[in-house]
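Participant: sequence first, then the predicted structure, then my questions.
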Amino acid sequence: PKLEKKLTRSASFLNAASYFNDKQYDKALLRLADFIKNAPDDPMVPQSRYLMGMSFQQKKVFGSAIDEWKKLIQEFPKDPLAEEAHLHIGTIYFKAGQFADASKFFKQFRERWPNSKYSETALWQEVQSYFNAKEDETLIKILPVYIEKYPASNATEEAKKQLELVYYRRGANGDPLKLEEFLGLYPKSTFAPAARYKLGDMAMEQKKWQRAVIEMEQFTRDYPDDSQCINAYYSLGMAYENLNDKDKAVQQYSHIMDHFASKPDSVDAAFRLGSLFFEADKFKEALQAFQFAVKKKVTDEVRANLYYNIAVCHDNLSQPVEAARAYDEFAKYSKKPEQVRETLMTAGLLFKKSEKQPEAIEVFKKLLRDPGTKENEIQTVNLIAECYQAMGKDSQAMDSYEKLIGLEPVEHNSRLAGLAQLAFMYEQKKNMNQAIRVYEKIAVSNGNKEWVSAAEARIQEISKNISPIP
């Protein structure tokens, strides 16, 4: 009977296990649970618990898998499968990103089974849990333990690389002393350039300008080919500016323009260089820097600012036409309507003063698309007419002045001045009826009393000549 009972139990277990092997996990779970219920003292119960955990894991029901394995560990702590179950629990937590729980289980494993054949695996997985959780202070203690204990392991080289990275990472988070410790331990590390640059960058953030100069200068000396060099030179320029050493700041920005001209960041250096020259009244040098930058790929806002600075430099160099053209370019890129109107007016006046009447007219016409105020509109119309007059194109000038008739405010001095000019031009051309028509617009404007009186007087004088009294 005992043998028969044993064979029956064995068959029952093998039947349950066969469902697991066939990946019929629901049936396997039912048969394994029945086996444990019916034979709680059978030697195959630990394996049944283990397979139940594996079945739940395959079904991705991880909580139930963990429960089954915990029962196995609790009920059969000395069974070899308890060790595997413990590692499986830690692995589930690890894969779920629950690194604190994972490291706890792997650490417990080492404490519970210090001589297990899985000790190295448990320690490595514990290390990886700390690594992913970025528990760097723990890692700098435990990684050397792994390296010393398992020097021949396939993972030892990776452990050494991770230790190097951890020393860098704990300093790069914002601790300059730990970065210096890293550089002392790993002066030839691939992370050494980043660490040195980070030291300078931290000093910049903390506005420790002298410290920033020291670190960034050492960075540029030690790593001249590093991709961060352009940023280091720019930081040096900013640091020297804040130390009021403008000459050295100029050297840094000039170096960037000379050696990194193709880099997008060279625009910032050119802008700063131009600003320094401008402050020193070195307008020619400032102009060269701003012209360098404006040719690069920049945002419309930056391009607008550059053209404005270029215009001001030309103005200070007594180059009104070039200044006018730069102001006109500014207006193309600026998103600020009031500034656009101001610069278009300035550009037009500069062209007009320089006797570049066609260019002045084009700019003033742009301004008329959005003059901003009625007063600006009147002024701009007058200026266009004056440009045509200066070119000897009276017909176009008169057409322009004619537009003043429909503009408001009717009493505005510039409107009345323009109309007076129009009336005079009609008189010059012996078109007295049109002259009277224009003078009448002035007379009823309620504007400047002297101009109104003068218009009325002209109306009377012209009328006499048109219809003489017998």
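Facilitator: That came through fine.

Participant: okay, now the unreliable bits of this protein?
Facilitator: Counting by pLDDT under 70, the chain contains low-confidence ranges at 1-5, 467-470.

Participant: which residues sit against the longest helix along it?
Facilitator: Secondary structure of the chain per DSSP state H: the longest helix is helix 2-21. With CB atoms under 8 Å, 6 or more residues apart in numbering as the test, helix 2-21 has contacts from 25, 27-28, 31-32, 34-35, 38-39, 42, 44, 47-48, 51, 54-55. In short, each C-beta sits where N, CA and C put it, glycine included.

Participant: what do you get if the cut-off is 10 Å, keeping everything else the same?
Facilitator: 24-36, 38-39, 42-45, 47-48, 51-52, 54-55, 58 (CB atoms under 10 Å, 6 or more residues apart in numbering).

Participant: ok, now stretch 95-107?
Facilitator: Residues contacting stretch 95-107 (CB under 10 Å, 6+ apart): 62, 66, 86-94, 118, 121-135, 138, 142.

Participant: now do the buried residues in it.
Facilitator: Using 16 or more other CB atoms under 10 Å as the test for burial, stretch 95-107 gives 98-99, 101-103, 105-107.

Participant: can you give the distance of stretch 132-150 from its chain's centre?
Facilitator: With CA atoms, centre = their mean, to the nearest Å as the basis, stretch 132-150 stands 36 Å off its chain's centre.

Participant: show me which residues of that stretch are buried.
Facilitator: For stretch 132-150, by 16+ other CB under 10 Å, it's 133, 135-136, 138-139, 142-143, 146-147, 150.

Participant: and the helices in the stretch 151-300 of the chain?
Facilitator: 156-172, 176-185, 192-205, 209-222, 229-242, 246-259, 266-279, 283-294, 300-316 (DSSP state H, counting those that start in this stretch).

Participant: would you reformat the ones you listed as CSV and include distance to residue 389 and mean neighbour count?
Facilitator: Shown next, in CSV, are the helices of the stretch 151-300 of the chain (distance: least, CB to CB, whole Å; neighbours: other CB atoms under 10 Å):
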stretch, distance to residue 389, mean neighbour count
helix 156-172, 70, 18
helix 176-185, 71, 16
helix 192-205, 59, 21
helix 209-222, 59, 19
helix 229-242, 50, 22
helix 246-259, 46, 18
helix 266-279, 37, 21
helix 283-294, 34, 21
helix 300-316, 26, 20
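
Participant: just to revisit the earlier point, just the buried residues from the contacts of stretch 95-107, in PyMOL please.
Facilitator: Applied in PyMOL, the following selects the buried portion of the contacts of stretch 95-107 according to 16+ other CB under 10 Å:
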select buried, resi 62+66+86+87+88+89+90+91+92+93+94+118+121+122+123+124+125+126+127+128+129+130+131+133+135+138+142
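
Participant: one step back: mind putting the buried residues of stretch 95-107 in TSV, secondary structure and distance to residue 340 included?
Facilitator: Formatted as TSV, the buried residues of stretch 95-107 follow (DSSP: H, G, I helix; E, B strand; the rest coil; distance: CB to CB, whole Å):
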residue	secondary structure	distance to residue 340
98	coil	58
99	helix	57
101	helix	62
102	helix	62
103	helix	62
105	helix	67
106	helix	67
107	helix	68
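
Participant: any idea which of those residues is closest to residue 399?
Facilitator: Closest to residue 399 out of the buried residues of stretch 95-107 is residue 99 (80.9 Å), distances taken as CB to CB.
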